[in-house]
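Student: take a look and give me a structure for this.
(one chain, ligands or ions: 1)
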Amino acid sequence: PRHYAIVPAAGSGARFGAEKPKQYLDLLGRPLIFHTLAALTAHPAIERVWVVLAPDDPWWPRHDWSELGPKLETVRCGGATRAESVGNGLQAAAMAAADDDWILVHDAARPCLSRPMLDALCDELADDPVGGLLAVPVADTLKRADANQRVAATEPRDGLWQAQTPQMFRYGRLVEALSKHNAVTDEAGAIEALGLKPKLVRGDSTNLKVTFPADLALAAMILRGRK
Ligand code: C5P
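Tutor: You can find the predicted model right below:
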């Protein structure tokens with residue numbers, strides 16, 4: 001089977017509160033999403049990368065992406081939710097992908113994805129019947145809040161993991177899962193709703209999702225430290 005990637009990049013970044021979506025904020029002299037895409041296009045197993053943009057995204061054309069090479073394809077079919085954007089990206093991939101090809105779905109907002117993380121995911125899932133995702137065990141103690149923001153309970157964190165991306169599933173099954181189960185916040189959620197059990201592949205906390213301003217400074221430190 002072949003490997004393809006879909007990068008949903010049609011979010012507005014409301015929680016970040018910047019003047020433009022977070023995927024276009026400057027990170028070491030490049031738009032944040034440049035780093036995200038570079039990690040994927042540089043991987044030899046990944047044959048093509050579809051970036052799903054909002055139909056009216058005015059920022060993408062203002063940058064030069066030629067350095068990322070011929071694997072990159074943009075599709076302007078972002079939807080109202082992440083799941084919808086991914087579903088639309090899967091439709092665009094239909095001309096290339098066969099049912100048993102692997103699709104890696106990766107957040108535009110995770111620019112610190114690295115080659116070793118991608119290798120771990122692809123290697124550990126190579127013969128897996130279901131597929132899976134990068135994830136890290138929860139490190140903090142977890143509190144459940146009541147309506148007054150007081151602690152109602154301390155939740156045992158044993159066996160709890162934080163889901164990251166990429167999430168890697170077979171093309172045909174992912175299309176089926178997302179067409180049946182659209183109210184999910186990640187692809188694994190849709191696969192689970194089919195009654196399947198995605199594999200948790202241990203990732204790394206440096207694969208952070210840029211959500212708030214402090215995350216951007218942290219991402220810059222992480223990337224600079226690798227050079
Ligand atoms: O908002 P959040 O950080 O959870 O978004 C995760 C990813 O999904 C981001 O890369 C964002 O651009 C993308 N997204 C999308 N379409 C939406 C909402 C989010 O492609 N409608």
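Student: what comes up buried for the longest helix along the chain?
Tutor: Taking DSSP state H as the criterion, the chain has its longest helix at helix 213-226. For helix 213-226, a neighbour-count test (16 or more other CB atoms under 10 Å) marks 215, 216, 219, 220, 222, 223 as buried. Heads up, the C-betas are built off the backbone N, CA and C, glycines and all.
Student: CA atoms only: put the longest strand that the chain contains into PDB for me.
Tutor: Among the segments of the chain that qualify as a strand by DSSP state E, the longest is strand 161-170. Output in PDB follows, covering the C-alpha atoms of strand 161-170 (Å, rounded to 0.1, in the frame of the first residue of the first chain):
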ATOM      1  CA  TRP A 161      -3.400   9.200  26.700                       C
ATOM      2  CA  GLN A 162      -3.400  12.500  24.800                       C
ATOM      3  CA  ALA A 163      -4.200  12.000  21.100                       C
ATOM      4  CA  GLN A 164      -2.000  13.700  18.700                       C
ATOM      5  CA  THR A 165      -1.600  13.600  14.900                       C
ATOM      6  CA  PRO A 166      -0.700  12.100  12.400                       C
ATOM      7  CA  GLN A 167      -3.500   9.600  12.600                       C
ATOM      8  CA  MET A 168      -3.100   6.800  10.100                       C
ATOM      9  CA  PHE A 169      -5.900   4.700   8.700                       C
ATOM     10  CA  ARG A 170      -6.700   2.900   5.400                       C
END
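Student: report all helices and strands that the helix or strand that comes right after it contacts.
Tutor: Counting by DSSP states H and E, the next helix or strand C-terminal to strand 161-170 is helix 171-180. Under the contact definition 3 or more CB pairs under 8 Å, 6 or more residues apart in numbering; DSSP states H and E, helix 171-180 sits against helix 82-93, strand 102-105, helix 187-193.
Student: which of those is buried the deepest?
Tutor: Stretch with highest mean neighbour count among those: strand 102-105 (a mean of 26; mean count of other CB atoms under 10 Å).
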